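Student: I'll drop the sequence and a predicted model, then ask my questions.
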Amino acid sequence: MTVLVPLKYRKRIPPIHYEDKHAALLFQALDAEFALHQSRIEDMRDQFFIHKATWGLDVWEKLFGLPIGVGTYEERRLKVFEKYYAKLPFTPSVLLALANHVSQLKNAQVEEVFDQKIIRFIFQLEDAVDVTHLYKTFMKMRRVHVHGFSIATNADETIEIDEQITCNLRRYHTVEEFQVGMTPLKYEDEVML
C-alpha cells in the first residue's frame, strides 16, 4: 500500500516526496492544525457580530452598560440589540433593520403615517414576529414627535390572535432628578396586545 501526499501539497514539493510516508503523515497533521486554526479564526470573527457572539457577549454588555453574563445567549443578545438600536438615529433604514431583526422572513416594510404620527411596520401574514422585542426596542428609540407604531400585514386576510401579551415599560428617576417626597417610578406604560 502506497501512502500518497494530498494533491494540494504536491504542487509545492518535489516529485520524489509524493509517496513518502513521513511527508504524508506530516501533511495530515498540518491539515488538522490548519482546520483548528481556521475554526478559531472564525470563532473570534463571530464575536464582532452581536447575532453570532458567544463568549464575546461580555464585551458587548460592558460596552452598553448591561449586567454581564445574566441569562442565556439569546436573552443577552436581545438586550444588547435593544441598547444598540436605542443609540442609532431614528431613520427609516434603522427602523427597517429593526423590523427585519424581529422578523423571521426578513422582508418587512416600514412606512410613516404622517397624519397619525405613527410608524407602520408591514409584515407578511406567514411571518413570525417577536412583537414584545419590537415594542420594547421601539419605545426606547422613538422620538417625541412619534406617538407609537402599528403592525399591518400585506395580505387581505384577517388575523386571529388567541393569546394576550402584556408589555410593561417603566422609567425611573435618575439620581439628579430625585427629590424628597418623590416616588422612584417616573412613569409606567402597560400595553395589552
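Tutor: In hand now; what should we look at? Numbers count the residues shown, from 1 in each chain.
Student: pull out the buried residues from the longest helix seen in the chain.
Tutor: Longest helix of the chain, by residue count under DSSP state H: helix 21-46. Buried positions in helix 21-46, judged by neighbour count with 16 or more other C-beta atoms under 10 Å: Ala23, Ala24, Phe27. Glycine gets a C-beta too; all of them are placed from N, C-alpha and C.
Student: which stretches of the protein have low pLDDT?
Tutor: Along the chain, segments meeting pLDDT under 70 span 1-3, 155-159, 161, 193.
Student: and the residue nearest the centre of it?
Tutor: Taking C-alpha atoms, centre = their mean, the centroid of the chain lies closest to His51, which sits 4.0 Å from it.
Student: residue boundaries of the helices in this structure?
Tutor: 7-10, 21-46, 57-63, 73-87, 92-102, 131-141.
Student: those into TSV, with extra columns for distance to Thr166?
Tutor: Shown next, in TSV, are those (distance: least, C-beta to C-beta, whole Å):
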stretch	distance to Thr166
helix 7-10	59
helix 21-46	35
helix 57-63	26
helix 73-87	18
helix 92-102	18
helix 131-141	9
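Student: looking at those helices, which is closest to Val180?
Tutor: helix 131-141 (29.1 Å; C-beta to C-beta).
Student: skipping adjacent residues, who's closest to Tyr9 in space?
Tutor: Of all residues not flanking Tyr9 in the chain, Phe27 sits nearest, at 5.0 Å (C-beta to C-beta, 6 or more residues apart in numbering).
Student: and that neighbour, how far from Phe34?
Tutor: 10 Å (C-beta to C-beta, to the nearest Å).
Student: now do Leu57
Tutor: Distance, Leu57 to Phe34, by C-beta to C-beta: 28 Å.
Student: domain ranges for this structure?
Tutor: Following automatic domain parsing, one gets these domains for the chain: 7-46, 88-163.
Student: for those, which one sits closest to Leu63?
Tutor: Closest among those, once you apply C-beta to C-beta, is domain 88-163, at 14.2 Å.
Student: among the helices of the chain, which comes closest to Gly181?
Tutor: helix 131-141 (27.8 Å).
Student: show me what that closest one is in contact with.
Tutor: Residues from elsewhere that reach helix 131-141 (C-beta atoms under 8 Å, 6 or more residues apart in numbering): 78, 81-83, 85-86, 88, 90, 94, 98-99, 102, 119, 121, 149, 151, 165, 167, 169, 189, 191, 193.
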